[in-house]
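Asks: Sharing a model that was predicted from the sequence below.
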Amino acid sequence: MRCSTALTLILGVVVSLNTTDAEQPEKPVETFMHAKLAHSQSILEGLAVEDFDQIAKSSQALTLLSEEAGWNVLQTAEYAHHSELFRRNTRALTETARRQNLEGATLAFIQVTLNCVECHKHIRSVQQARLDSPALPSRLGVVQ
């Protein structure tokens with residue numbers, strides 16, 4: 001029962017993060033974030049149907065994305081910390097999926113999701129502090 005509640009919560013977060021304004025052209029960071037979201041959705045689908053190969057492949061893809069230069073949208077110690085935690089959590093997710101541990105993979109995915117939420121919260125706080133730089137919010141593609 002707890003897994004289904006957690007999956008419902010995660011699905012709500014993933015769906016809300018997937019909402020975009022179709023009238024604005026995508027920017028490079030937005031395109032990058034949409035790829036991250038697609039992998040996250042694939043993980044959620046894999047959890048729902050117990051497809052451990054899909055979970056492992058998608059979480060591994062998230063780890064690889066987080067190692068690309070496009071990932072680094074901020075140069076702060078806190079952002080670096082969030083990124084390192086994200087990589088650690090996606091690797092844990094990959095490992096639990098390879099061990100075919102559904103509960104462990106679900107918990108690892110929840111941790112990855114919490115990582116995303118906390119990091120985006122940090123990005124918004126930095127944006128707020130940089131009121132004199134209007135290009136930053138649009139560059140990150142984060143809705144305020």
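Replies: It's in.

Asks: Can you list the low-confidence ranges for this structure?
Replies: Scanning the chain for pLDDT under 70 picks out the ranges 1-27, 69-71, 131-144.

Asks: How many residues are close by the closest residue to residue 50 other than its chain neighbours?
Replies: Closest residue to residue 50 apart from its sequence neighbours, by Cβ to Cβ, 6 or more residues apart in numbering: residue 102 at 5.9 Å. The C-beta positions use only the backbone N, C-alpha and C, and glycine is treated the same way. Close neighbours of residue 102, defined as other Cβ atoms under 10 Å, add up to 16.

Asks: give me phi/psi at residue 102?
Replies: Here is the backbone geometry of residue 102 (degrees, to the nearest 10): phi -60, psi -50.

Asks: ok, it touching residue 48?
Replies: No: the pair residue 102 / residue 48 is not scored as a contact, 10.2 Å apart, by Cβ atoms under 8 Å.

Asks: In which helix or strand does residue 63 reside?
Replies: Secondary structure from DSSP states H and E places residue 63 in helix 52-66.

Asks: In that helix, which residues are buried?
Replies: For helix 52-66, the neighbour count (16 or more other Cβ atoms under 10 Å) marks 52, 54-63, 65-66 as buried.

Asks: Please apply the same query to stretch 84-91.
Replies: Buried residues in stretch 84-91 (16+ other Cβ under 10 Å): 85, 86, 87, 89, 90.
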